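Undergrad: Need coordinates for the following:
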Amino acid sequence: MLKLHLARMISILGGPTAPRRSAAAPLPQQPPMSFLLLSTPLPTSKVHTMLNLARLILIVGGLVLLVMGVIATDSISSSFSRFFTGNPSDHSMWLMLGGVAAIAVGGSLFLRNDPT
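TA: Numbering: from 1, shown residues only. This is a model prediction of the structure:
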């Protein structure tokens, strides 16, 4: 019974009649699909468009965060924090710092000449 199962498995898998590869002939290597997708260069117009969009999003997002931080300094919690500590609340400070950082990164991207 065991011999029958082994014989059936050998015949299904190709058995001894299947051509064997020698150690001297390695299998041909094909690059993975992700490598092919990443190695294909984008047209420069698309690169410029995406970079301009990223610049614009960073600057507009930074301005929104900065305005929200300035508005948050006039909130009740910021007023209590300013009364007891002399500083506005941490939330408003982080909003303003994040806005300034985003504006700085977006502005530095505008100063770069070559996108690649």
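
Undergrad: any low-confidence regions in this structure?
TA: Residue ranges of the chain with pLDDT under 70: 1-44, 113-116.

Undergrad: What segments of it are helices?
TA: Here the chain has its helices, by DSSP state H, at 2-13, 33-39, 44-72, 76-85, 90-111.

Undergrad: list the helices and strands the last one packs on?
TA: This points to helix 90-111. With contacts taken as 3 or more C-beta pairs under 8 Å, 6 or more residues apart in numbering; DSSP states H and E, helix 90-111 sits against helix 44-72, helix 76-85. Just so you know, the C-beta spots here come from the backbone N, C-alpha and C atoms, and that holds for glycine as well.

Undergrad: The residue nearest to S77 when sequence neighbours are not counted: how many residues sit nearby?
TA: Of all residues not flanking S77 in the chain, S89 sits nearest, at 5.3 Å (C-beta to C-beta, 6 or more residues apart in numbering). S89 sits with 19 neighbouring residues when counted by other C-beta atoms under 10 Å.

Undergrad: S89 touches I76, doesn't it?
TA: No: counting by C-beta atoms under 8 Å, S89 does not reach I76; the two are 9.8 Å apart.

Undergrad: How many neighbouring residues does L56 have?
TA: 13.

Undergrad: And stretch 99-109, what's buried?
TA: For stretch 99-109, the neighbour count (16 or more other C-beta atoms under 10 Å) marks G99, A102, I103, G106, L109 as buried.

Undergrad: Also stretch 77-85?
TA: S78, S81.

Undergrad: Which residues does it contact?
TA: A72, N87, P88, S89, D90, H91, S92 (C-beta atoms under 8 Å, 6 or more residues apart in numbering).

Undergrad: swap the cut-off to 6 Å and go again
TA: The contact list for stretch 77-85, computed with C-beta atoms under 6 Å, 6 or more residues apart in numbering, reads P88, S89, S92.

Undergrad: Which residues are in contact with R55?
TA: Counting by C-beta under 6 Å, 6+ apart, R55 has contacts G106, L109, F110.
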